[in-house]
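**Q** Provided below for reference: sequence and predicted model.
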Amino acid sequence: MVDAALDRLGLDYDFDLISDLPEIAKAGVTNPPALMVNGEIKIEGKIPTVDEVVEVFKNI
C-alpha cells in the first residue's frame, strides 16, 4: 500500500517494514499493523487502503 501510494504521489522514498514484535512494541505500536511516518503513528490496527495512505502523505 505504501509503495502504491507514494508512486501515485510521485514521491521518492525509503521505508522499512518491521515485523519483529519486540521492535514493534518498542516503537509504541500497541495494535499492529501500523503505519509510522517520521516516528509518529499515523494508522494503527488495520491495513489501510492506498487512498488512506495517500492522505497521510499529503498531510505531512
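**A** Here it is on my side, so go on. Bear in mind that the values here come from a model prediction, so they are computed numbers and not experimental data.
**Q** and the spatially most central residue of the chain, which helix or strand is it part of?
**A** In the chain, the C-alpha nearest the mean C-alpha coordinate belongs to residue 35, at 2.4 Å (Cα atoms, centre = their mean). Using DSSP states H and E, residue 35 maps to strand 34-37.
**Q** list the buried ones in that strand?
**A** Residues of strand 34-37 classed as buried: 34, 35, 36 (neighbour count, 16 or more other Cβ atoms under 10 Å). For glycine as for every other residue, the C-beta is placed from the backbone atoms N, C-alpha and C.
**Q** with just CA atoms, put it into CSV.
**A** Output of strand 34-37 as CSV, limited to C-alpha atoms (Å, rounded to 0.1, in the frame of the first residue of the first chain):
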residue,chain,number,x,y,z
ALA,A,34,0.6,0.3,11.8
LEU,A,35,2.0,3.0,9.6
MET,A,36,4.5,5.3,11.2
VAL,A,37,5.9,8.4,9.5
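**Q** partner strands of it, with direction?
**A** Strand 34-37 pairs in its sheet with strand 40-44 (antiparallel), by DSSP bridges.
**Q** tell me the mean pLDDT for the strand it pairs with?
**A** Averaged across strand 40-44, the pLDDT comes to 96.
**Q** need the residues that contact that strand.
**A** With Cβ atoms under 8 Å, 6 or more residues apart in numbering as the test, strand 40-44 has contacts from 27-36, 52-53, 56.
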